[in-house]
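Chemist: Predicted model and sequence below, questions to follow.
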Amino acid sequence: FYGMSKYNSRAKDLLKKMRENIAKVERQLAAKEAYLAASAEMKNNDRKQLIEECKILLREVASSSNIAAKVEEKDGKPAESKITETSQKES
């Protein structure tokens, strides 16, 4: 840098331009990092939402299974015997 400033009359302007360009690159990197962090957070939120939806669906399946079990109890036959009867009829 010393030689550049000693032998080049535009050295100060070139150094100023270099500083500005480096600052621009730093800002672009910071913006890219913020974008990637926000993108990862959105994916994480989407994943959490899907997990919650799966939990709700599983609860609905479990509750419908409980209802089916209660109906079977009223019929007086356990679920295994009904399955066996159904498979025998299909054969």
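Modeler: Received, thanks.
Chemist: which other helices and strands contact the lengthiest helix in the chain?
Modeler: Across the chain, the longest stretch assigned as helix under DSSP state H is helix 11-75. If contacts are counted by 3 or more CB pairs under 8 Å, 6 or more residues apart in numbering; DSSP states H and E, helix 11-75 sits against helix 2-7, helix 79-90. C-beta: built from backbone N, CA, C; applies to glycine.
Chemist: If I average pLDDT within each of those, which one is lowest?
Modeler: Lowest mean pLDDT of these: helix 79-90, a mean of 52.
Chemist: how distant is the longest helix of the chain from the center of its chain?
Modeler: 4 Å (CA atoms, centre = their mean, to the nearest Å).
Chemist: what about Lys16, neighbour count?
Modeler: 11 (other CB atoms under 10 Å).
Chemist: That one and Ala30, how far apart?
Modeler: To Ala30, Lys16 is 21 Å away according to CB to CB, to the nearest Å.
Chemist: And Lys24, by the same measure?
Modeler: Taken as CB to CB, the span from Lys24 to Ala30 is 11 Å.
Chemist: dump the residue contacts of the residue most central in space within the chain.
Modeler: Nearest to the geometric centre of the chain sits Lys43, at 2.7 Å (CA atoms, centre = their mean). By CB atoms under 8 Å, 6 or more residues apart in numbering, the contact set of Lys43 is empty.
Chemist: got a pLDDT number for Ala69?
Modeler: Looking at Ala69, the pLDDT reads 68.
Chemist: any low-confidence regions in this protein?
Modeler: The chain contains residues with pLDDT under 70 at 1-2, 4, 68-91.
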